[in-house]
Each structure stands twice: as structure tokens, then as C-alpha cells.
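Peer 1: Dropping a prediction and its sequence here:
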Amino acid sequence: MDRQGGAIPYPLNLERQENDVIPSDASRSAASKGEHSALKYRREIDGLRALAVLPVMFFHAGVTALSGGFVGVDIFFVISGYLITSIIIGEMRSEKGFSIARFYERRARRILPALYLVLACSTVMGWFLLVPDQLENFGQSLFATTAFSNNLLLAFTAGYWDVLTELKPLVHTWSLGVEEQFYFAFPVLLILMRKQPAKLVIAFLVAAGIGSLALAEATVRGGGSGLFFLPHTRAWELLFGSLCAYQLQGKGPTRNDFGALIGVLMIAYAILTFDSQTPFPSAWGLIPVIGTALIILFATHDSWVGRCLSFRPVVAIGLISYSAYLWHQPVFAFARAYSQDRPDALALSLMVPVALLLAYLSWRFVEAPFRDRGRVSVKAMICIFGPASIAFLGIGLGLSISKGAPSRLPQAMAEGSRSSEYNSRVFRFKENAFVSDKPVRLLVVGDSFGRDLVNMVLETYGDDKVEIIYRDDLKCPAGSNLAAQSHVIFVTHSLKFDADCIAKTLPWASANGKHLFYFGSKNFGTNISWIMRTDSRANLHNRPDMHNMHMIDEMRALVPDDRYVPVMERIMKDGRVPFTDAAGNLLSNDTRHLTKAGAIYVGKAVFEDLRLKDALSR
């Protein structure tokens with residue numbers, strides 16, 4: 001999965017400081033009097049949060065120098081496991097003991113206020129800035145985030161037709177799901193094992209961590225998808241932090257400047273050298289995870305690394321890191337949706353301070369007050385977040401069921417937003433043999449772009465005289481029974497086009513008298529959401545996505561001109577590509593695939609080609 005913000009979703013989360021570990025006069029006073037404190041505050045841990053969150057934000061802004069910024073999730077999972085386990089162990093040994101109810105109350109106070117503020121603001125912004133396809137996806141994420149299961153939604157539903165990750169305001173909340181699913185079971189496990197010797201508990205956690213890492217590694221090697229978001233392939237990182245807690249129980253970290261420095265260098269190595277090609281989560285994750293553990297174990301307040309991480313501005317960013325994480329993705333996503341052209345890394349980097357400002361305000365006026373039981377009671381929490389949860393679940397479900405509320409748009413745009421339903425009709429053409437006596441037998445080979453091509457044929461020629469078979473599972477048409485039965489073969493551009501197959505199919509088609517054509521890819525720019533802020537919506541144009549254009553060049557170099565159909569050349573004008581027609585209909589709702597209006601528009605332009613007319617007019 002691509003961690004650059006394309007087909008693959010964003011893999012980041014920030015650990016929230018538990019209320020017990022936030023510095024305050026009261027906690028320091030209690031500690032000085034020898035009263036029980038769940039965990040002594042460590043400024044260097046907040047500094048460690050800052051060390052992770054800033055690369056994360058700039059990575060999501062597209063700064064290529066921080067190509068491994070996504071390892072922030074691993075860093076924060078380790079910190080989370082360390083802090084939460086330390087608190088649980090401390091409370092189990094206190095006079096009051098450990099309370100599951102109190103544990104989840106603290107989690108709710110720490111997580112829900114800022115999260116629900118961001119959800120509310122994102123919902124309002126999404127209503128005005130997202131096209132229906134995107135708003136439908138947002139509704140699904142809103143529902144799943146409220147249920148702390150967005151990781152499962154992404155793991156089991158993300159696919160080729162999915163909305164681009166960089167335009168998903170809530171994609172980053174998957175990691176909240178991982179943590180809360182882990183902490184749903186972990187405290188119960190420790191309670192059940194509370195009477196067991198510590199060595200046995202540690203051995204169990206080590207075995208569980210090894211099993212989780214082995215499963216992640218095996219799944220990566222097997223080419224499994226979705227594992228990036230699943231708790232059982234991430235649990236080992238949290239358990240690593242738990243083992244740090246057991247190592248430090250009853251004592252602080254042991255100063256070791258060399259060990260802490262090695263930890264920093266390991267994290268820096270991962271941030272600077274990992275990229276979208278690095279298998280993840282896998283054994284590669286051991287580098288930032290072990291690096292984080294070394295800092296937790298060996299960085300004291302007076303050590304070299306500890307003093308650097310305890311620098312006041314660094315600690316300040318660490319304190320607001322949860323809110324900073326929550327805000328930065330919606331800020332970036334809506335900036336992209338609003339802009340006619342994709343904002344570059346510099347433009348988005350300049351928005352990092354905006355996210356940090358929002359983070360400070362929400363930390364100061366939302367997070368902190370709700371964490372004070374004297375200001376907000378348990379009853380008030382229930383009265384506020386109970387109805388809010390129901391509202392978010394209802395809104396999310398409504399946006400999903402309504403397909404992104406197209407009724408809020410002009411009729412032309414609303415009709416153009418239903419491409420998923422429109423394209424589903426193509427699957428009725430997935431046959432195993434040609435059976436009719438129609439004069440033209442057309443085989444279309446390709447992925448979702450192949451479905452677009454089928455719709456282009458249907459809108460231009462109909463199927464009265466053309467029998468169409470569409471196959472997205474035919475790896476290479478050369479020599480296949482379907483290709484042998486066909487008169488015409490259309491092959492669409494794919495992200496994984498096979499050069500060897502092209503080399504085999506071209507001479508085979510010539511030898512067997514087949515009309516074979518390769519269709520170049522198409523795109524309608526990097527963003528169509530800016531249509532939401534325009535009054536005149538007819539004949540709108542975008543600059544094409546240049547990355548897509550480079551892929552077109554790669555395929556075109558392999559196919560002779562008489563076999564190649566340059567789709568983009570047929571629809572572009574003066575270096576720009578249209579994404580609405582004269583009536584204001586959207587030609588694409590995701591910048592790649594065609595709506596019905598798009599199939600009519602592009603089909604008309606493409607099938608003016610005399611070669612294609614001749615092939616389809618037997």
C-alpha cells in the first residue's frame with residue numbers, strides 16, 4: 001500500500017497523554033508528599049512525541065525528505081504501551097487498586113473531546129467542500145471513527161474505486177481504532193494475570209509480541225492487503241512499550257547516553273530512509289520501535305538526549321501532539337479539496353502552523369477542561385458524548401445511505417455523482433464465451449478502466465450489433481479462447497500492464513487477423529472538488545495529473561502507433577483536460593473513472609477514430 005497518499009491510505013496515530021501523566025501542581029505535590037502517583041511525569045516523553053509528530057505532519061504534507069515519516073505510528077504505539085501499562089501496574093499495586101471503569105473514564109476524557117470537535121468541524125466542511133462520492137466515503141469513516149473501527153473499514157473496503165486517501169479527512173483515525181481495540185482486551189488480561197509472577201506475565205507478553213510480529217511479517221511476505229490497519233499486526237508495538245513498563249516498574253530510567261543516542265539515530269534512520277516500498281508493518285518496524293524503547297529506557301531528564309527532548313518548545317509541541325495529529329489531516333484534506341490544483345509540499349508545509357494553532361486552542365479550551373473531574377462530571381460526560389455519538393453515527397449512516405447527499409447539488413452534478421451504480425452494470429458482460437450472432441464480437445480486457453471502456457462503447461454504439469465480453473481476470477489475451485473467438489480486442493491501460501504480454505499479443509493478433517487496440521490511460525486532473533465553490537460549472541478544465549501522463553508514456557513506448565489509442569490527446573485542449581461538459585455534468589467523480597456523462601463525452605471523442613469505426617462496423 002502506498003504511504004505517499006495515493007492508493008494507499010495514511011498510517012499514522014498519536015498516543016494521547018493519560019490524565020495521570022500530565023504535569024500539574026497537584027500531581028507534583030502528591031508525589032512530593034509520598035502519595036501514590038500512577039506514573040511520574042517525564043518531560044522527555046513529551047519531547048519524544050514531538051520528535052514523531054512533526055515528521056508525520058511534514059510527511060503528510062508531501063515533504064519527500066521525510067519519506068519514512070509514517071513510522072510516527074510505531075513510535076506512538078510504543079509510548080502508548082509504556083504509559084498505559086505503567087499506569088495499570090501502578091494502580092494495581094495501590095491501595096485503591098485498578099478499576100476498569102475508571103480506566104475507560106480516563107480514556108474517554110482524554111480521547112473524545114478533541115476528537116468529537118474535529119469530527120463536528122470536518123462534517124460541516126465536508127458538506128460544503130466534498131463531492132458526493134467523497135462525502136459518502138466521509139460518512140462511512142464518520143460512522144466507523146465514532147465506533148473506533150475505522151481501521152477495520154479501511155482494511156476490508158479500501159480498493160481501486162475508493163476515494164483518494166489524500167482527500168479523506170478522517171483516514172488517520174484508523175489508529176485510534178487499533179489502540180482502543182487493543183485496550184479493550186489488554187487491561188482485562190492484566191487483571192486475570194494479576195496474581196501470577198511478574199516473570200510469567202512478561203514471558204506471556206514476549207510470546208504474544210513475537211507472535212504478532214511473526215504474523216505481520218508472514219502476511220507482508222504473502223502479499224496480504226489491509227494488514228496495515230489491523231490490531232493483531234500492530235499489537236507487538238504496543239507490547240514492546242508494555243515490556244518497557246515492566247522493566248522500569250518501581251524505578252526510573254537508567255541514564256545511558258550512548259543507548260539513548262542510538263535510539264534517536266534509529267528513529268532518524270527510519271524517518272529519512274523508509275518509503276512506500278518498505279514492507280510494513282514487518283520486521284523493518286523493529287528499527288523505530290527499538291529506537292523508541294531505547295529512549296524510554298535510557299533517556300533521563302539530565303542525559304544528553306533527555307535535555308534535548310525536554311527543551312521547552314519541543315515539550316510544548318508534545319503536549320498538544322494528540323490534537324495536532326487530529327487536526328492536520330482534515331486541514332490538509334480540505335485544503336486539497338478547495339484548491340483547483342494540488343497544493344505542493346511547500347504550500348501544505350506552510351499549513352502545519354495552522355494545524356498547530358488549532359491543536360493548541362483545542363488542547364487549551366477543550367481537552368484540558370474535560371480532563372478535570374471537578375469541572376466536568378461523569379454525568380456531564382455521558383450527557384454530552386452520548387447524544388453526540390448517536391448524532392455522529394446517524395449522520396455517518398445517512399451520508400453513506402444517501403450516496404453523499406447528491407440532493408444538495410444541482411441536478412446535473414447529482415446525476416454525475418452516481419458512477420458506482422452506473423458502472424456496476426458492466427459486470428453482466430463477464431461471460432466465458434461468445435454466443436450470439438451479432439456481427440461484431442468485442443473482447444474488453446482491463447481493470448476498472450476496462451469498465452469505463454465498455455460504457456463508452458455502449459453509449460456510442462449500443463449493443464444491438466456488438467456482443468461485448470468484459471474480463472478483468474484475463475492476464476493476457478494472446479492465445480486465449482475468448483480472444484480467438486473475438487473479432488475486436490480492446491486492452492485498457494493498467495497500473496500493472498505487462499510488457500511481456502504486450503510483446504506476445506501484438507504478433508499473435510496480426511497473425512490471426514484481430515483488430516487489437518491498446519487504450520491509453522486518462523485522468524481529469526488531481527482534484528475536482530473545487531467545483532463545489534464555483535457558480536459556473538459548465539466546461540470546466542483542470543491541468544492533467546503529470547504522474548499519470550508519465551505512465552501513459554511508458555505504455556505507449558511498447559505499442560506501435562497503429563495499435564494505440566491516445567485517449568488523453570482526444571479530450572485535451574491547450575494542455576488542459578475537461579471534467580464537466582457543456583451542461584455542467586461531471587465527467588468523472590474521482591478524477592479517473594467515468595460517469596455516464598463522461599462515457600458519452602469521452603466515447604464521442606475517442607470513437608471518431610476511423611480505425612475504431614471500421615473495427616466496430618463490420
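Peer 2: Alright, I've got the coordinates.
Peer 1: So D590 is in contact with L164, correct?
Peer 2: Yes - with contact defined as CB atoms under 8 Å, D590 and L164 form a contacting pair (7.1 Å). Quick note: C-beta positions are derived from backbone N, CA and C, even for glycine.
Peer 1: Those two: who's more crowded?
Peer 2: D590 (23 against 20; other CB atoms under 10 Å).
Peer 1: Can you give me the pLDDT of the residue nearest to the more buried one when sequence neighbours are not counted?
Peer 2: Nearest-residue entry for D590: D133, 5.9 Å, with adjacent residues in sequence omitted and distances by CB to CB, 6 or more residues apart in numbering. Among the per-residue scores, D133 holds a pLDDT of 84.
Peer 1: In CSV, list the C-alpha atoms belonging to the helix or strand harbouring D133.
Peer 2: If you go by DSSP states H and E, D133 is part of helix 132-146. Extracted C-alpha coordinates of helix 132-146, given in CSV (Å, rounded to 0.1, in the frame of the first residue of the first chain):
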residue,chain,number,x,y,z
PRO,A,132,-21.0,13.1,-3.3
ASP,A,133,-18.5,10.2,-3.8
GLN,A,134,-16.2,11.8,-1.3
LEU,A,135,-18.9,12.7,1.2
GLU,A,136,-20.3,9.2,1.0
ASN,A,137,-16.9,7.9,1.9
PHE,A,138,-16.6,10.5,4.7
GLY,A,139,-19.9,9.3,6.1
GLN,A,140,-18.6,5.8,6.3
SER,A,141,-15.5,7.0,8.1
LEU,A,142,-17.5,9.2,10.4
PHE,A,143,-19.6,6.2,11.5
ALA,A,144,-16.6,3.9,11.8
THR,A,145,-14.5,6.5,13.7
THR,A,146,-17.3,7.1,16.2
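Peer 1: and it, what other elements does it pack with?
Peer 2: Under the contact criterion of 3 or more CB pairs under 8 Å, 6 or more residues apart in numbering; DSSP states H and E, helix 132-146 touches helix 100-129, helix 150-157, helix 174-192, helix 378-401.
Peer 1: thinking again about what came up before, roughly how far does the residue nearest to D590 sit from S303?
Peer 2: Using CB to CB, to the nearest Å, we find D133 at a distance of 52 Å from S303.
Peer 1: who has more neighbours, these two?
Peer 2: D133 (28 against 22).
Peer 1: Was I right to think that one contacts G404?
Peer 2: Yes - counting by CB under 8 Å, D133 touches G404, with 6.0 Å between them.
Peer 1: thinking again about what came up before, most neighbours per residue, which of the helices and strands packed on helix 132-146?
Peer 2: helix 150-157 (a mean of 21; mean count of other CB atoms under 10 Å).
Peer 1: For H550, give me the pLDDT.
Peer 2: Looking at H550, the pLDDT reads 65.
Peer 1: Count the neighbours of the residue nearest to L540 when sequence neighbours are not counted for me.
Peer 2: Excluding its sequence neighbours, the residue lying closest to L540 (CB to CB, 6+ apart) is T580, at 4.5 Å. Look at T580: counted by other CB under 10 Å, it has 27 neighbours.
Peer 1: what sits against T580?
Peer 2: Residues in contact with T580 (CB atoms under 8 Å, 6 or more residues apart in numbering) are I531, R537, A538, N539, L540, L586, L587.
Peer 1: That one pairs with what?
Peer 2: Judged by DSSP bridges, the bridge partners of T580 are L586.
Peer 1: Output the contacting helices and strands for the strand or helix carrying I489.
Peer 2: Using DSSP H and E, I489 maps to strand 488-492. Secondary-structure packing of strand 488-492 (3+ CB pairs under 8 Å, 6+ apart): strand 440-445, helix 448-461, strand 515-519.
Peer 1: any idea which of the helices and strands packed on helix 132-146 scores lowest on pLDDT?
Peer 2: helix 150-157 (a mean of 89).
Peer 1: That one - contacts with which helices or strands?
Peer 2: Going by 3+ CB pairs under 8 Å, 6+ apart, helix 150-157 lies up against helix 132-146, helix 174-192.
Peer 1: Per-residue confidence, the residue lying closest to L190 once chain neighbours are set aside, what does it come out as?
Peer 2: Among residues not flanking L190 along the chain, I88 sits closest, at 5.6 Å (CB to CB, 6+ apart). Predicted confidence (pLDDT) at I88: the value is 94.
Peer 1: sorry, back to before: of the contacts of T580, which is the most crowded?
Peer 2: L586 (31 neighbours).
Peer 1: Tell me which of the helices and strands packed on helix 150-157 sits nearest to K475.
Peer 2: Nearest of the helices and strands packed on helix 150-157 to K475, taken as CB to CB: helix 132-146 at 29.5 Å.
Peer 1: now the angle from that closest one to helix 150-157?
Peer 2: For helix 132-146 against helix 150-157, the angle by axes from the mean of the first three to the mean of the last three CA atoms, to 10 degrees is 130 degrees.
Peer 1: so helix 132-146 versus helix 378-401, what angle?
Peer 2: Using the same axes, to 10 degrees: helix 132-146 against helix 378-401 is 150 degrees.
Peer 1: Now do helix 132-146: distance to the chain's middle.
Peer 2: 13 Å (CA atoms, centre = their mean, to the nearest Å).
Peer 1: And stretch 285-294, by the same measure?
Peer 2: 23 Å.
Peer 1: May I have it as PDB, with CA atoms only?
Peer 2: Only the C-alpha atoms of stretch 285-294 are listed here, as PDB (Å, rounded to 0.1, in the frame of the first residue of the first chain):
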ATOM      1  CA  GLY A 285       9.400  -1.800  12.100                       C
ATOM      2  CA  LEU A 286      11.800  -3.100  14.700                       C
ATOM      3  CA  ILE A 287      14.100  -0.200  13.900                       C
ATOM      4  CA  PRO A 288      11.900   2.700  15.000                       C
ATOM      5  CA  VAL A 289      10.300   0.500  17.700                       C
ATOM      6  CA  ILE A 290      13.600  -0.500  19.300                       C
ATOM      7  CA  GLY A 291      14.800   3.100  18.900                       C
ATOM      8  CA  THR A 292      11.800   4.400  20.800                       C
ATOM      9  CA  ALA A 293      12.300   1.700  23.600                       C
ATOM     10  CA  LEU A 294      15.900   2.800  24.000                       C
END
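Peer 1: Nothing else from me, thank you.
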